[in-house]
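Chemist: whatever this is, show me its structure:
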Amino acid sequence: MTISRPDFPRVIDNSMRTTFVSCPQKFNLSYMQNWVPRRTNEHLQAGAAFAHGLEVARLAYFDGGKTQEQAVELGWRTIIEDYATYDLENPSNDGYETHKTVERMAGALLYYFDVWPFESDFLVPVRLGNKLGVEVSFALPIDIQHPQSGDPILYYGRFDMLAMNRSTGEYYMDDEKTASQLGNSWVKQWRLASQFTGYAWAMEQLGYPVSAAVIRGISILKTGYGHTQALAQRPQFLIERWYAQLLRDVKRMIECWNEGYFDHNYGPSCSAYGNCSFLDICASPNPETWLEDSFTQRQYAPWEFAA
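Modeler: So this is what the prediction gives:
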């Protein structure tokens with residue numbers, strides 16, 4: 001019997017891998033069938049706008065010869081322009097109260113550079129060839145063949161900045177996160193986060209062995225802002241362990257694809273972070289109706305938009 005199925009992805013990233021290990025069926029719906037909620041996710045939009053503002057400001061300062069004030073103003077304007085293009089008719093905050101409006105996010109950028117101004121920040125972007133190491137992206141082959149083409153599957157990632165310590169010359173990965181609140185648990189969550197181990201593996205392949213990831217958090221509060229900074233080291237044994245696990249996970253993806261069946265988790269992942277977006281789908285005897293009413297299909301391929 002021939003199994004009808006979509007093509008297997010030629011590129012895998014951290015979002016796809018972590019989704020698969022939490023619930024293979026969610027991976028199937030999200031990345032094989034490309035279903036996404038019709039409602040706008042303002043958390044993702046706010047984070048994207050903030051990252052874009054940082055990128056513009058950094059490039060203007062380090063490559064464009066602008067002063068900090070001029071560079072930050074350009075980043076501030078970028079956030080406002082980005083929000084103007086968002087579809088906010090049906091925003092979804094996944095059940096959480098949010099203060100991530102355009103005014104608050106633009107203000108967060110000003111706050112960020114008050115805390116970590118260009119002139120005194122211990123991190124400065126490095127150069128990757130003729131390009132500044134801001135919004136660094138990569139797509140590197142892993143040791144698994146694509147089940148259809150036979151070509152190596154690629155592992156993709158993108159992070160805010162490849163930086164150098166002004167004093168020691170060590171390489172660091174830098175990534176910014178916006179949050180509703182910060183604290184000890186926020187800092188600890190990055191200790192084994194696969195996102196940054198994957199970045200460390202990639203930079204090692206490209207000849208830039210990093211000492212650690214620096215994760216800077218900005219909390220968007222109702223009447224103010226907060227900040228903290230986490231340092232997450234990535235020793236060689238952890239990078240090797242992550243890579244071995246990545247290969248195992250991708251092989252399991254291919255096994256599910258070959259079988260034509262992706263398992264359901266039916267566990268904590270269904271209710272995590274204000275409930276999985278596919279909760280009603282998996283709870284319905286007629287999931288197709290829910291999908292057509294509440295979701296739309298859009299190809300997931302962030303690597304196609306990377307510079």
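
Chemist: for Y83, which non-adjacent residue is spatially closest?
Modeler: Nearest non-adjacent residue to Y83, counting by C-beta to C-beta, 6 or more residues apart in numbering: V102, 3.9 Å away. Any C-beta I mention is one placed from the backbone N, CA and C, and that applies to glycine too.

Chemist: so the one you found makes contact with R77?
Modeler: No - using C-beta atoms under 8 Å, V102 is not in contact with R77, being 11.3 Å away.

Chemist: in terms of neighbours, single out the busier of these two.
Modeler: Neighbour totals were compared for V102 and R77, and V102 leads with 18 against 13 (other C-beta atoms under 10 Å).

Chemist: for the more buried one, what are its contacts?
Modeler: Contacts for V102 were tallied using C-beta atoms under 8 Å, 6 or more residues apart in numbering; they are A49, I79, I80, Y83.

Chemist: need the residues you listed in JSON lines (columns: pLDDT, neighbour count and distance to A57).
Modeler: As requested, the contacts of V102 are exported to JSON lines (pLDDT from 0 to 100; neighbours: other C-beta atoms under 10 Å; distance: C-beta to C-beta, whole Å):
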{"residue": "A49", "pLDDT": "92", "neighbour count": "26", "distance to A57": "13"}
{"residue": "I79", "pLDDT": "94", "neighbour count": "26", "distance to A57": "10"}
{"residue": "I80", "pLDDT": "93", "neighbour count": "14", "distance to A57": "13"}
{"residue": "Y83", "pLDDT": "86", "neighbour count": "19", "distance to A57": "16"}
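
Chemist: which one of the residues you listed is nearest to E176?
Modeler: Checking the contacts of V102 against E176 with C-beta to C-beta, the nearest one is A49 at 11.9 Å.

Chemist: give me the element that closest one is part of.
Modeler: helix 42-62 (DSSP states H and E).

Chemist: for the chain, just list every one of the strands.
Modeler: For the chain, strands defined by DSSP state E occupy the ranges 11-13, 35-37, 40-41, 91-92, 123-125, 127-128, 131-132, 134-145, 152-165, 171-179, 210-220, 225-233, 295-297.

Chemist: coming back round to it: just put the contacts of V102 in CSV and tack on distance to V136.
Modeler: Formatted as CSV, the contacts of V102 follow (distance: C-beta to C-beta, whole Å):
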residue, distance to V136
A49, 19
I79, 21
I80, 25
Y83, 25
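
Chemist: need the pLDDT of Y96.
Modeler: Y96 is assigned 48 on the pLDDT scale.

Chemist: I should have written E81 there, sorry.
Modeler: Note on E81: pLDDT of 92.

Chemist: residues near it, how many?
Modeler: So E81, with other C-beta under 10 Å, has 14 neighbours.

Chemist: list the buried residues of stretch 234-253.
Modeler: R234, L238, I239, W242, Y243, L246, D249, V250, M253 (16 or more other C-beta atoms under 10 Å).

Chemist: then stretch 67-87?
Modeler: For stretch 67-87, using 16+ other C-beta under 10 Å, the buried residues are A71, V72, E73, L74, G75, W76, T78, I79, D82, Y83.

Chemist: quick one: low-confidence parts of the protein?
Modeler: 1-4, 40-41, 86-99, 304-307 (pLDDT under 70).

Chemist: now for it: which helix has the highest residue count?
Modeler: helix 236-259 (DSSP state H).

Chemist: any idea of the angle it forms with strand 210-220?
Modeler: Counting by axes from the mean of the first three to the mean of the last three C-alpha atoms, to 10 degrees, helix 236-259 lies at 70 degrees to strand 210-220.

Chemist: give me the contacts around helix 236-259.
Modeler: Against helix 236-259 from outside (C-beta under 8 Å, 6+ apart): 3, 5, 8, 12, 17, 20-21, 24, 27-28, 32, 142-144, 147, 153, 155, 192, 194, 197-198, 200-201, 204, 262-263.

Chemist: which among those end up buried?
Modeler: 8, 12, 17, 20-21, 24, 27-28, 32, 144, 153, 155, 194, 197-198, 200-201, 204, 262.

Chemist: just put the buried residues of stretch 67-87 in CSV and tack on distance to S167.
Modeler: Shown next, in CSV, are those (distance: C-beta to C-beta, whole Å):
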residue, distance to S167
A71, 23
V72, 24
E73, 29
L74, 28
G75, 26
W76, 30
T78, 31
I79, 31
D82, 34
Y83, 37
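
Chemist: good, we can wrap up now.
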